[in-house]
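Asker: Give me a 3D structure for the following:
(2 chains)
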Amino acid sequence: GDSVTQMEGPVTLSEEAFLTINCTYTATGYPSLFWYVQYPGEGLQLLLKATKADDKGSNKGFEATYRKETTSFHLEKGSVQVSDSAVYFCALSANYGGSQGNLIFGKGTKLSVKP
Amino acid sequence: ETGVTQSPTHLIKTRGQQVTLRCSSQSGHNTVSWYQQALGQGPQFIFQYYREEENGRGNFPPRFSGLQFPNYSSELNVNALELDDSALYLCASSPRSSYNEQFFGPGTRLTVL
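Answerer: Numbering: from 1, shown residues only, chains lettered A, B, ... in the order given. Just a heads-up that it's a prediction; the model follows:
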């Protein structure tokens, strides 16, 4: 079945460091891909998305490119801030049949940014 | 614009009891999905409701059931609670025009003792 694998954390960085969180997926067809962020004690917030191959999603300095050839959707940010400390989830949504609207999540990667 | 709201925030139940969790969808959204997030894990899809009918279900037993009301709000009911049901339950709403762009509520933390 469809699945998402993301790098295990925790990831600890200093402020202004470069961030990469790896995400790969297995899916039938052409899924939509997402990154969600969860701050402590809160629900999930959609960070960015891409719906087809080679699309780049971006928001708040974060970027991710939908790479069909490597089935990847890695999250990057050039300069992290303390306020970026959170848990990041990679997710996919299949675009076929009864699986439409069913988000499949990775296990999450906890990011801690130190001042 | 009001976002997705859920109630209660926290809940403690004992094994074998039944529980009802509630969700109000974001204004203009007519599709509601429920997820279970165990500690340290990603959310797992339970089911989705559209036009008051179940529109997809994950790998959860029938004791997990739901309702959607005409105002698009929703309930998640869990019967015969088990210890493993302890988790954060997340509700997400989406417009039908963009069903896979889901907006999440803050969740209900359920503890089963």
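
Asker: count of neighbours near A:Gln45?
Answerer: Neighbour count for A:Gln45, taken as other C-beta atoms under 10 Å in any protein chain shown: 14. (Each C-beta comes from the backbone N, C-alpha and C, glycine too.)

Asker: what do you get for B:Arg63?
Answerer: 13.

Asker: ok, it touching B:Asn79?
Answerer: Yes. Distance between B:Arg63 and B:Asn79: 4.3 Å, which falls inside the contact criterion (C-beta atoms under 8 Å).

Asker: The residue of chain B found nearest chain A in helix, strand or coil?
Answerer: Nearest residue of chain B to chain A (C-beta to the nearest C-beta) works out as B:Gly42 at 3.3 Å. Three-state assignment for B:Gly42 (DSSP: H, G, I helix; E, B strand; the rest coil): coil.

Asker: Can you tell me the closest non-neighbouring residue to it?
Answerer: A:Phe105 (3.3 Å; C-beta to C-beta, 6 or more residues apart in numbering or on different chains).

Asker: Show me what the mean pLDDT comes to for stretch B:2-20.
Answerer: The average pLDDT for stretch B:2-20 rounds to 95.

Asker: go on, stretch B:65-81?
Answerer: 95.

Asker: Please apply the same query to stretch A:41-59.
Answerer: 93.

Asker: part of a helix, is A:Val113?
Answerer: No. Counting by three-state DSSP, A:Val113 falls outside a helix, being strand.

Asker: which residues does the closest residue to chain B within chain A bridge with?
Answerer: Closest residue of chain A to chain B, C-beta to the nearest C-beta: A:Phe105 (3.3 Å). Legend: beta-bridge partners of A:Phe105 under DSSP bridges are A:Ala91.

Asker: Thought B:Gln36 was touching it, still the case?
Answerer: No. Using C-beta under 8 Å, A:Phe105 is not in contact with B:Gln36; the gap is 11.0 Å.

Asker: tell me the contacts of the residue of chain A closest to chain B?
Answerer: A:Val4, A:Tyr36, A:Phe89, A:Cys90, A:Ala91, B:Gly42, B:Pro43, B:Gln44 (C-beta atoms under 8 Å, 6 or more residues apart in numbering or on different chains).

Asker: filter these to the buried ones?
Answerer: Neighbour-count burial (16 or more other C-beta atoms under 10 Å in any protein chain shown) applied to the contacts of A:Phe105 gives A:Val4, A:Tyr36, A:Phe89, A:Cys90, A:Ala91, B:Gly42, B:Pro43, B:Gln44.

Asker: Next, the contact list for A:Thr71, please.
Answerer: Here A:Thr71 is in contact with A:Thr24, A:Tyr25, A:Thr26, A:Ala27 (C-beta under 8 Å, 6+ apart).

Asker: As a markdown table, those with pLDDT, neighbour count and distance to chain B would be great.
Answerer: Formatted as a markdown table, these follow (pLDDT from 0 to 100; neighbours: other C-beta atoms under 10 Å in any protein chain shown; distance: C-beta to the nearest C-beta, whole Å):
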| residue | pLDDT | neighbour count | distance to chain B |
| --- | --- | --- | --- |
| A:Thr24 | 97 | 17 | 14 |
| A:Tyr25 | 96 | 21 | 13 |
| A:Thr26 | 94 | 13 | 15 |
| A:Ala27 | 91 | 20 | 13 |
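
Asker: of all the residues you listed, which comes closest to B:Gly105?
Answerer: When the contacts of A:Thr71 are ranked by distance to B:Gly105 (C-beta to C-beta), A:Tyr25 comes first, at 25.4 Å.
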